[in-house]
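Visitor: I would like to see how this sequence folds:
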Amino acid sequence: LDKTYHRDSEMDAVAWRVTFNPVIDYEKNRLSVLLARDEENADEDVHSYLRTTVQLRYDRRLPRDFGVYGSVRYRATNYEEPLPIFNDRREDDQIDFEVGASKTLWRSEDHRQSVALQLSHTHTKADSSISLYEYDKDVTLMTLTCAF
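Guide: From the prediction side, this is the model:
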């Protein structure tokens, strides 16, 4: 994948990703694991990185077309070269905790179309070798999805 940044050509890069994503379905339960490895080779090595992602997610179907889920995701990103302004190589660790609930409001008889409402909350904790990139964040979303 070629990435082009029109405002900062130093970040232009060639990127690749390898994922392994087994899913186990058992009656009304679903357990999924995501293992991923990303590499981005930017024109300037200060923007090049290796990233490893591990995610575990559990979904449960409930009566009356409700569902709930919870997930935890860990990402470690290691940049190739030090940032000149900080004279330090950037290494980030991020963990996301997410919970959510959904309700299918309508589904066609052939199950090919549906309308669903989802409410979710994610807490993110990001640590970094450079304090500028450390943060805690909470995001709550309400989403209406129309699938066709």
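
Visitor: What are the buried residues along the strand ranked longest in the chain?
Guide: Assignment by DSSP state E gives strand 88-107 as the longest strand of the chain. Buried residues in strand 88-107, counted by 16 or more other Cβ atoms under 10 Å: 90, 92, 94, 96, 98, 100, 102, 104. Just so you know, the C-beta spots here come from the backbone N, C-alpha and C atoms, and that holds for glycine as well.

Visitor: And stretch 73-87, by the same measure?
Guide: Under 16+ other Cβ under 10 Å, the buried positions of stretch 73-87 are 73, 75, 77, 79-80, 83.

Visitor: Point out the least confident one among the residues you listed.
Guide: Scanning those for pLDDT, the low point is residue 83. It has 86.

Visitor: That one touches residue 45, doesn't it?
Guide: No: the criterion here is Cβ atoms under 8 Å, and residue 83 misses it with residue 45 at 10.9 Å.
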